[in-house]
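Engineer: Predicted coordinates and the sequence they were generated for:
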Amino acid sequence: LLAFIAVVSHILWFEPGSVLTAGDWPHMATGTVADLWKSYGAWDGSSGLGGVNIQIPFNVFFWMWSLVAHLGGDYDSATKITFFVPIPLMLFVSPFVLLRYQGFSATSSFIGAVFYGSNLYAVSNDPAFQFVYALAPLFLFLLLRALTSERHSAGKWLVFAVAYSVGIGYEVRVMYVVSIILLFAAVWFHHRDLARQYRQVALTGIVIVALNSFWILPTLLGGGVGAGSTVTGRGMFGNWLFDITSAFGIFPWYWTGGVLNFVFVKQPVRWFYLLVPLVAFFSLTKMRQDLDKRRRLLMFYSVVALLGVFLTKESGMPLPAVYQWLYLHVPGFSLFREASKFYLITAVGYAGLLAGTFDGQWLNNRARLKKWVPVSGCMFIIILGAISYYPAYTGTIDSLFISAKENPDYVKFDSFVEKQPQFFRTMWLPTDSRWGSYSATHPMVTAQTLSVGAWSGLFSYNPHLSSGQNYTSLITSDYSVAAASYSSIKFIIVPETE
C-alpha cells in the first residue's frame with residue numbers, strides 16, 4: 001500500500017519519457033552526460049574558466065549517469081534510476097521499516113510513514129536533499145540494528161557504513177543533520193552497547209573515512225577547503241522567513257498551495273498543519289500506562305521533534321540568538337545559513353510520536369477506542385498528505401511535478417557544438433540555459449560569472465540600464481575581443497527566456 005501511495009503521489013516520476021527539471025535541478029544534454037566521467041573530478045573544467053569542485057562526493061552519480069549515457073540512455077533515464085524512482089519509494093517505506101523495528105504496530109507505523117513522506121518539506125524539497133531525507137529513517141534503523149546485534153555484527157556495521165557513505169554522496173549537508181539524530185539515538189538507547197562494541201564502532205568509522213577518501217583527500221589537499229569557504233562564509237540569511245509557528249507546522253516559507261513563492265516573502269501557516277504537533281504530542285499523555293521501553297522511545301522522539309522545532313525557528317523567539325551562536329561556533333554549522341534543512345529532524349520526531357499516538361498497544365483496555373482511533377488517524381494523515389500533494393499532482397506548482405519541454409533549436413545547437421573536435425568555450429549572455437550543452441571540450445561560461453570574476457575589469461554596472469544592456473558591455477569593450485580570445489570563447493549565445 002505504501003508503494004502504491006508512492007507511485008500515485010509521484011506518478012510523473014515513474015512515467016517513461018517525462019522530462020524532470022525545474023529550479024536548481026538542472027537538465028543535461030546527452031553529450032554533456034556522456035562526458036561527465038572526465039568533466040568532473042577534483043577540478044571542474046566544464047563550466048566557467050574552470051575551478052575547484054567543492055561537491056566531489058556527487059561525482060559518484062555523475063559517473064553513474066555517464067555510464068547510462070554510454071549504454072544508450074540519456075539524462076532523464078539516468079536521473080530516474082538514481083533519484084526519481086527510489087525517492088518516493090523510500091519516502092514511505094523507510095520510516096515504516098524503522099517504526100516496525102521499534103515495536104510499533106503495523107497501522108501506527110503506516111500512519112507515521114505516510115506523514116513522513118507527505119509533509120510539506122517532503123513534497124517540495126530539492127531531489128538531492130529529498131533523497132537523504134527519504135533515507136534518514138533507514139540510516140537510523142541500520143544503526144540501531146548494528147548496535148543491538150550480538151552475532152554477525154561486523155556485516156551489519158559494514159552495511160551501515162556503506163549506506164551512510166551513499167548518503168554523503170547524495171548530500172553532505174543533509175547527512176550532517178542526519179548525523180545529529182544518529183548520534184543522539186546511539187547515546188540515548190545504546191550507550192552501553194557503544195562501549196561494548198567500541199572496536200566495531202571504530203572500525204566502522206575507519207571504513208566510512210576510507211569509502212569517502214576519494215573526496216576527502218582532494219578537498220583537504222587540493223584547495224577544496226578554501227573554495228568551500230565561499231559557501232560557509234556567506235553569513236546567515238532569511239531570519240524573517242522563520243518563526244516558531246512555521247517550525248511546529250513544518251511549513252516552509254515559500255509554500256503557497258500553488259506556484260511556489262521564491263521572492264522571499266513568508267507565507268501564512270495553514271491552521272490544519274498545526275494539528276499535526278497537537279496529535280503527535282498527545283502520545284505523551286499516556287506515558288504512565290506504557291512500559292519503560294515505550295516511554296523511553298516516546299521521550300526520544302519528543303526531544304528530537306522539539307530540537308528540530310527549535311532549530312527551524314532560526315532566529316525567531318524564544319532565544320533568538322542561539323542559532324547565530326551555533327552558526328559561528330559549532331563546526332559544520334556554517335553550512336546552514338538558513339534553517340530549512342532542519343525540518344528533517346522535526347519530521348523524524350513527529351513520525352515516531354504519531355506512531356505512538358495511534359499505536360494499538362495502549363488501547364487494550366479501551367475496546368471502543370481501539371476500533372476507531374487507528375482508522376481516524378489514517379484518515380487524518382492521508383487527507384493532510386493529499387492536501388500537500390494536490391498542487392503538485394495537478395501541476396499547479398511549477399516544479400518537478402511537471403514534464404518540461406525542450407525547444408528543438410537547442411537540440412540542433414547541442415548537436416552542432418558536440419560534433420566539433422577542437423576545444424573552445426561558449427559564452428551565454430546574460431546567463432545560461434538548462435538545455436545548453438557543455439563538456440570538458442566545450443565548457444560553458446556566463447556573462448554573469450565573468451562580470452564578477454575574470455572579466456570584472458571590463459564590466460561597469462549602470463543602474464539605469466537593464467541587466468541585458470549592462471552585460472552587453474562585456475562584449476562591446478575595446479578589450480572584449482582580446483579577452484574572448486584569451487578565454488577561448490568561440491560563440492556567444494543569447495538564450496530564450498525560461
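Structural biologist: Structure's in. What do you need? Numbering: from 1, shown residues only.

Engineer: any idea how far residue 482 is from residue 491?
Structural biologist: Using Cβ to Cβ, to the nearest Å, we find residue 491 at a distance of 17 Å from residue 482. All C-beta spots, glycine's among them, are computed from the backbone N, C-alpha and C.

Engineer: Between those two, point out the one with more neighbours.
Structural biologist: Remark: of residue 491 and residue 482, residue 491 carries more neighbours, 15 against 10, as counted by other Cβ atoms under 10 Å.

Engineer: any idea which helix is longest in the chain?
Structural biologist: The longest helix of the chain (DSSP state H) is helix 367-393.

Engineer: Name the residues of that helix that are buried.
Structural biologist: For helix 367-393, a neighbour-count test (16 or more other Cβ atoms under 10 Å) marks 373-374, 377-378, 380-382, 384-385, 388-389, 391-393 as buried.

Engineer: swap in stretch 252-267?
Structural biologist: In stretch 252-267, counting by 16+ other Cβ under 10 Å, buried: 252, 253, 254, 255, 260, 266, 267.

Engineer: hmm, back to that, nearest to residue 453 among the buried residues of helix 367-393?
Structural biologist: Residue 453 lies nearest to residue 392 out of the buried residues of helix 367-393, by Cβ to Cβ, at 36.9 Å.

Engineer: you'd agree the closest one is up against residue 399?
Structural biologist: Yes. Between residue 392 and residue 399 there is a contact under Cβ atoms under 8 Å: 6.7 Å.

Engineer: Between the two, which contacts overlap?
Structural biologist: residue 124 (Cβ atoms under 8 Å, 6 or more residues apart in numbering).

Engineer: what sits up against stretch 491-498?
Structural biologist: So stretch 491-498 is contacted by 407, 413, 417, 424, 426-429, 431-436, 475 (Cβ under 8 Å, 6+ apart).

Engineer: one more time with 6 Å, if that's ok
Structural biologist: Outside stretch 491-498, the residues within contact range by Cβ atoms under 6 Å, 6 or more residues apart in numbering are 426, 427, 428, 429, 433.

Engineer: Need the nearest residue in space to residue 35, chain neighbours excluded.
Structural biologist: With sequence-adjacent residues excluded and distances taken as Cβ to Cβ, 6 or more residues apart in numbering, residue 35 is closest to residue 439, at 3.8 Å.

Engineer: Tell me how far the one you found lies from residue 70.
Structural biologist: 14 Å.

Engineer: same deal with residue 133?
Structural biologist: Look at residue 133 and residue 70: by Cβ to Cβ, they are 31 Å apart.

Engineer: Look at these two and report which has more neighbours.
Structural biologist: The neighbour comparison of residue 133 against residue 70 (other Cβ under 10 Å) goes to residue 133, with 29 against 11.

Engineer: how close does that one get to residue 207?
Structural biologist: 24 Å.

Engineer: Tell me which helix or strand in the protein has the weakest average pLDDT.
Structural biologist: None of the helices or strands of the chain scores lower by mean pLDDT, DSSP states H and E than helix 224-232, at a mean of 53.

Engineer: Give me the next element, helix or strand, following that helix.
Structural biologist: Downstream of helix 224-232, the first helix or strand assigned by DSSP states H and E is helix 244-249.

Engineer: per-residue confidence averaged over that following helix?
Structural biologist: Taken as a whole, helix 244-249 carries a mean pLDDT of 96.

Engineer: Give me the buried positions along it.
Structural biologist: So helix 244-249, judged by 16+ other Cβ under 10 Å, has buried residues 246, 247, 248, 249.

Engineer: Please list the residues outside whatever helix or strand comes next after it that contact it.
Structural biologist: Next along the chain after helix 244-249, taking DSSP H and E as the criterion, comes helix 275-281. Contacting residues not belonging to helix 275-281 are listed as 248, 350, 353, 354, 357 [Cβ under 6 Å, 6+ apart].
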